[in-house]
Every structure is written in structure tokens, then in C-alpha cells.
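Participant: quick one, fold the following:
(one chain, ligands or ions: 1)
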Amino acid sequence: MNTSDYRYFLSDCKKVISEGNIIKSDNYNRDIILSEIFRNKEYIKKITANIRNKFINNIADNLVAFDKNFSSNGGIINWCIDYNDFLSKFEKVLSKHKIKNINIFNSYFVKELGIEKFIENRDYSFDNETKDCIVFTPQFGIVNTGSLFLNFNSAYDMELVLNGRVKIFILSLCDFLFKPEEIEIFSYLDSIYKYGLSFPYLTSLYTPNPAKEEENVYLFLIDNGRSNVLENKDIRSSLTCINCDACKSVCPVFNVIGDAPYNNVFSGPLANVILPFIENTENYKHLCFSCTSCGNCSAVCPVKIPISEMITSNKKYFFENKLM
Ligand code: SF4
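Facilitator: Alright, predicted model coming up:
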């Protein structure tokens with residue numbers, strides 16, 4: 001634990017606490033909203049956990065099936081090992097289509113890949129009104145149909161994305177469902193858990209259509225450390241996360257220290273589990289001590305990820321492997 005990152009983490013935590021900053025926490029009563037929509041909320045969580053685990057536990061075959069279906073619809077898939085690999089392939093696509101202005105729709109994944117910084121340092125401009133080239137993060141890929149499930153903030157965004165001349169989609173290897181019928185339940189969970197809303201957001205199921213001569217549809221499928229998590233069977237199911245952020249809102253530690261001490265796009269209970277594997281063990285192993293083991297995160301998770309237990313298993317793993 002004697003790493004500089006650990007010291008920085010601690011001093012940043014102390015700074016936040018001494019400044020008395022109040023971390024904005026959403027306190028939606030998810031259980032009440034969930035019960036209004038679904039008769040048996042525990043059964044719903046079980047179904048969603050099963051779907052996501054079924055995908056992750058056979059991820060290689062499922063991704064190959066998706067690749068085949070997406071490609072036969074006319075889309076072009078680029079597999080990327082990490083953000084450097086992604087940025088070099090991304091730049092080739094931009095130069096092939098002589099792109100000057102890019103419309104980037106912000107997301108966690110856009111931040112994780114450092115796309116905005118990359119664009120700033122090159123000869124491209126941001127343009128949030130252009131349809132010439134759009135960069136968008138789907139919520140899920142759909143294996144059986146080779147489609148993408150898209151979630152929009154407004155009808156205007158939807159118009160821009162669906163009519164983009166060059167459409168560039170970026171997706172993590174883990175964010176998939178099997179069939180369109182599964183979308184509805186996840187749409188509801190997303191709006192309930194993320195925004196405290198009882199109705200799903202504006203969404204679209206997008207399938208490239210070769211008959212419409214849409215030959216400029218790219219999908220970048222990016223690992224960026226996920227396969228390191230896959231290799232560890234004790235925490236593998238952390239990859240079933242649907243990024244709802246509910247675990248952050250119920251975490252007594254996160255509600256005091258917030259994002260800042262993490263200095264990373266990932267923060268909160270799930271970050272405590274995955275960052276030592278997605279980034280590196282040495283600089284992030286101390287995060288397993290940023291937990292009171294209260295179990296709130298495991299209890300709230302809509303896909304039943306045992307986050308708190310995984311943090312404990314990380315401690316055991318680091319200790320047994322003499323990493324701590
Ligand atoms: S771990 Fe569970 S509660 Fe936390 S963001 Fe992911 S899906 Fe939501």
C-alpha cells in the first residue's frame with residue numbers, strides 16, 4: 001500500500017472532507033418506483049442478472065455471433081485492444097472520409113478513451129450540429145440481430161445520430177444483450193435507477209441497412225482492460241454492470257469523498273473492484289480499503305452484482321498473491 005497513488009488518494013480524501021464539500025447524492029426511492037412498474041422486483045433483478053451473466057460467461061462466442069450479424073447488415077467492426085489501438089484506427093476512419101468537423105456525444109466511454117483530448121490536439125473541430133460525422137456510445141449491442149440499442153437525451157440528438165453521414169459507434173466488449181425483447185426491461189431499469197423516472201428514455205434500435213447504401217457505419221469494439229477482469233472468476237460478473245450509478249448513491253464512503261480522489265473516469269464501489277485490474281494493481285489496490293463492508297451497494301444493484309463481497313475477495317487475492 002505504500003504507493004504514491006495511495007498517498008494522493010488519502011490526501012485528496014482528507015481535502016474533500018476538510019473542505020466540507022457535500023457530495024450530490026440522488027436519493028430516489030427506487031424500490032417504490034420499481035414496485036409500481038414490476039409486480040415482483042426481486043424476480044426482475046434475477047432475470048436481468050441472468051441475461052447479463054449469460055453473455056459475459058460465454059463472451060467470446062457471443063461477440064463472434066454479433067460480429068457476423070452486424071457485418072452482414074453492412075456495418076464495419078473494428079476490434080481494439082486498448083485506447084491507443086482505438087485512437088489509431090479511429091484516426092484512419094476520419095482520414096478515409098476526409099472528416100473535418102465531428103459531433104461527439106459525451107459519455108463515460110468517450111471520457112475513458114480520451115476522445116475529446118485527442119480531437120483537441122489534432123486538426124479537427126467539434127461541431128455539435130453537424131451530421132457529417134457523429135461519435136456515439138450505444139447502451140447495448142444486440143447479439144442475435146447485429147443491432148445497436150441507442151439511448152438519446154432529445155429527439156434532436158436522435159435526428160442527428162440516425163442521419164449522420166459517417167456514424168462511428170464505440171462500445172465496450174461487455175455491453176450486450178441477446179435479443180430485442182430484452183431491451184424493454186433494461187430501459188426501465190436504466191431510467192428508474194439512473195434518473196428516478198418511471199418511464200423509459202427516448203431510445204432506438206438501430207440496425208445498419210445495406211439496402212439503404214449505408215456504408216459508413218463503424219463500430220469500435222474496445223477491450224481497454226476488461227479482459228483482465230474476465231480472467232478473475234471471483235469478480236468477472238462485475239462486467240455485467242449497466243452503469244446506473246445506483247451503488248454510488250448508497251455508498252457511505254462515496255457520499256463523503258466523491259469522485260475526486262479516484263482521479264479516474266471510474267469511481268465509487270464498482271471502481272474499487274475493477275480499477276486494480278482495468279488499470280494496474282500497484283496503483284489501485286488500496287481501493288479495497290475504501291469500503292466499510294456495509295453491503296448497501298450489493299443490495300441496491302439491479303443486476304445483483306455482489307460488489308461488497310468482491311471488494312473483500314480482492315483483499316484476499318492481493319494478500320494471497322503477496323501483492324499487499
Ligand atoms: S454495479 Fe450495479 S448498482 Fe453499481 S452502477 Fe453497476 S449496475 Fe448500477
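Participant: what about the closest residue to residue 261 other than its chain neighbours, neighbour count?
Facilitator: Leaving aside its sequence neighbours, residue 261 sits nearest to residue 12 (Cβ to Cβ, 6 or more residues apart in numbering; 3.7 Å). Every C-beta, even on glycine, is put in place using the N, C-alpha and C of the backbone. Other residues lying near residue 12 total 16 when counted by other Cβ atoms under 10 Å.
Participant: who touches residue 12 in this structure?
Facilitator: When contacts are counted by Cβ atoms under 8 Å, 6 or more residues apart in numbering, residue 12 touches 257, 260, 261, 263.
Participant: in ChimeraX, select just the buried ones from the residues you listed.
Facilitator: Buried members of those, defined by 16 or more other Cβ atoms under 10 Å, are picked up in ChimeraX with:
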select :257,261
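Participant: turn the contacts of residue 12 into CSV, including distance to residue 230 and pLDDT.
Facilitator: Below are these laid out as CSV (distance: Cβ to Cβ, whole Å; pLDDT from 0 to 100):
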residue, distance to residue 230, pLDDT
257, 29, 92
260, 29, 89
261, 27, 91
263, 25, 90
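Participant: wait, which of the contacts of residue 12 is closest to the ligand?
Facilitator: Nearest to the ligand, judged by Cβ to the nearest ligand atom, of the contacts of residue 12 is residue 257 at 16.5 Å.
Participant: in helices, which of the contacts of residue 12 appear?
Facilitator: Residues of these located in helices (DSSP state H): residue 257.
Participant: return the member of the contacts of residue 12 nearest to residue 114.
Facilitator: Within these, the smallest distance to residue 114 is 13.9 Å, found for residue 263 (Cβ to Cβ).
Participant: follow-up on the earlier one: the contacts of residue 12 into a markdown table, with extra columns for distance to the ligand?
Facilitator: Formatted as a markdown table, the entries for these read as follows, by distance: Cβ to the nearest ligand atom, whole Å:
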| residue | distance to the ligand |
| --- | --- |
| 257 | 17 |
| 260 | 19 |
| 261 | 18 |
| 263 | 19 |
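Participant: between the contacts of residue 12, which is nearest residue 40?
Facilitator: Taking Cβ to Cβ as the measure, residue 40 sits nearest to residue 257 out of those, at 35.6 Å.
Participant: list the contacts for the closest one?
Facilitator: 12, 13, 16, 17, 23, 290.
Participant: quick one, what contacts residue 230?
Facilitator: Shown in contact with residue 230 (Cβ under 8 Å, 6+ apart): 56, 59, 236, 239.
Participant: most neighbours, which of the residues you listed?
Facilitator: The contacts of residue 230, ranked by neighbours (other Cβ under 10 Å): first place residue 239, 23 neighbours.
Participant: just for the stretch 1-150 of the chain, where's the confidence low?
Facilitator: Along the stretch 1-150 of the chain, segments meeting pLDDT under 70 span 1-4, 21-28.
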